[in-house]
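A.B. asks: Could you work out the structure for the sequence below:
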Amino acid sequence: MNTENIKHILMPIDFSDCAINAKNTAIIIAKRQGSKITLLEIIPAVPANYGLSIDNIVIKQQDTVLQNSEAKLKLLAAEISYKHKIDVNYICLLGETITLICETAKVQNVDLIVMGTHGVSGFKEFFIGSNSFAVVEKAKCPVLIIPLATAISEFKQIMFPVRNIPNALGKYTFLRKIIDVNKSNLVVFGVDDASVHEAINHLMESVNYFNHSIKDDDVTTTTCFMVKDANLADEVLNKTKEMNCDLIVITSKLDTTFTEYFMGTFTQRIVNHSTVAVLHVR
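C.D. replies: Residues are numbered from 1 along each chain as shown. Now for the predicted structure:
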């Protein structure tokens, strides 16, 4: 199994508290993985429908903001590179945040996006969601989300929910890159909806197959199950706290039932409400 290290990390930054907190985690990962970092700041463009984007004064103001941002990024890149002996690049762009993060990740061929989040809830979560979840939803590469209140130095206990979805083992291939350098314990949590016919049988088959497939990888695992008529994301968050995990790894699945839509999708709910880091692997 290929466990080649993570080579290139994209770090979106706006110099907010949550971005600076995520930057610190990105540096730790880069040092352990031998990665380079690309810092990315995106300056919102003046909306064209206001007719202002063609105004010379507005254009000059935007150019000034970009120049100032590039100067700030250059200093930060130099500081990180000097202090931590990491190869650091920087990019400053004008436009829409989510789109440019995902496009830059593709163009730069990054292995991982690391970004911070404040988390959202209630009315805002249902109708708007978060920038972090939007990147998770659209990015083609893995995305690591760092909550503001979380200070991370290593990932020692990793929560890996396994549902009745295809290719869980494929997601584990990327996860091994993190497990190997952190000597992490993996909590394999089989979880599914009790309303699904024979859910427990299918789930146990999936988890047993997964555990059998990784038995020669020298990874310490703990296995637990839950089949319950409840919000599965909340059950994962509760188990994460109970098992004292410092990272949740989630995988892609389209959540299409009305109940899941109304309560928030499995992925969105974990990204928005987790108090520990969340790694999404597509």
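A.B. asks: how close does residue 136 get to residue 170?
C.D. replies: According to Cβ to Cβ, to the nearest Å, residue 136 and residue 170 sit 17 Å apart. The way it works is simple: take the backbone N, C-alpha and C, and place the C-beta from them, glycine included.
A.B. asks: Of these two, which one has the most company?
C.D. replies: Neighbours were counted for residue 136 and for residue 170 using other Cβ atoms under 10 Å; residue 136 has more, 27 against 11.
A.B. asks: and the more buried one, what is it in contact with?
C.D. replies: Residues near residue 136 by Cβ atoms under 8 Å, 6 or more residues apart in numbering: 143, 145, 267, 271, 280.
A.B. asks: Which of the residues you listed fall in helices?
C.D. replies: 267, 271 (DSSP state H).
A.B. asks: Buried ones from the contacts of residue 136, can you make that a ChimeraX selection?
C.D. replies: A single ChimeraX command is used to select the members of the contacts of residue 136 judged buried by 16 or more other Cβ atoms under 10 Å:
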select :143,145,267,271,280
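A.B. asks: Please enumerate the helices of the protein.
C.D. replies: With helices called from DSSP H, the chain shows them at 17-33, 56-84, 97-107, 122-127, 131-138, 168-182, 199-213, 232-242, 258-263, 266-273.
A.B. asks: gap between the longest one and the chain center?
C.D. replies: On the basis of Cα atoms, centre = their mean, to the nearest Å, helix 56-84 is displaced by 25 Å from the centre of the chain it belongs to.
A.B. asks: ok and it relative to helix 17-33, angle-wise?
C.D. replies: Helix 56-84 runs at 40 degrees relative to helix 17-33, counting by axes from the mean of the first three to the mean of the last three Cα atoms, to 10 degrees.
A.B. asks: packing partners for helix 56-84?
C.D. replies: If you count contacts as 3 or more Cβ pairs under 8 Å, 6 or more residues apart in numbering; DSSP states H and E, helix 56-84 packs onto helix 17-33, strand 36-43, strand 88-94.
A.B. asks: Quick check: which of the helices of the chain is nearest to residue 6?
C.D. replies: Nearest to residue 6 among the helices of the chain is helix 17-33; the distance by Cβ to Cβ comes to 4.3 Å.
A.B. asks: Give the rounded mean pLDDT of that closest one.
C.D. replies: In this model, helix 17-33 has an average pLDDT of 92.
A.B. asks: helices or strands next to it in the packing?
C.D. replies: Helix 17-33 packs on strand 8-12, strand 36-43, helix 56-84, strand 112-117, strand 143-147, helix 168-182, going by 3+ Cβ pairs under 8 Å, 6+ apart.
A.B. asks: Worst mean pLDDT among those?
C.D. replies: Looking at the helices and strands packed on helix 17-33, the weakest mean confidence is helix 168-182, a mean of 84.
A.B. asks: Quick one: distance of that helix to the chain centre.
C.D. replies: Taking mean C-alpha positions (Cα atoms, centre = their mean), helix 168-182 and its chain are 14 Å apart.
A.B. asks: what does stretch 33-40 give?
C.D. replies: Distance, centroid of stretch 33-40 to centroid of chain: 15 Å (Cα atoms, centre = their mean).
A.B. asks: Can you give me the buried ones in that stretch?
C.D. replies: Of all the residues in stretch 33-40, those buried under the rule 16+ other Cβ under 10 Å are 33, 35-40.
A.B. asks: Dump those residues to TSV, plus distance to residue 210.
C.D. replies: Output for these, formatted as TSV (distance: Cβ to Cβ, whole Å):
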residue	distance to residue 210
33	24
35	27
36	32
37	32
38	33
39	36
40	35
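A.B. asks: from those, which is closest to residue 152?
C.D. replies: residue 33 (14.0 Å).
A.B. asks: Other residues contacting stretch 5-12?
C.D. replies: 19, 22-23, 26, 29-30, 33-42, 97, 101, 104-105, 108-115, 135, 177, 181.
A.B. asks: and it, which residues are buried?
C.D. replies: Judged by neighbour count using 16+ other Cβ under 10 Å, the buried positions of stretch 5-12 are 6, 8-12.
A.B. asks: That'll do, ta.
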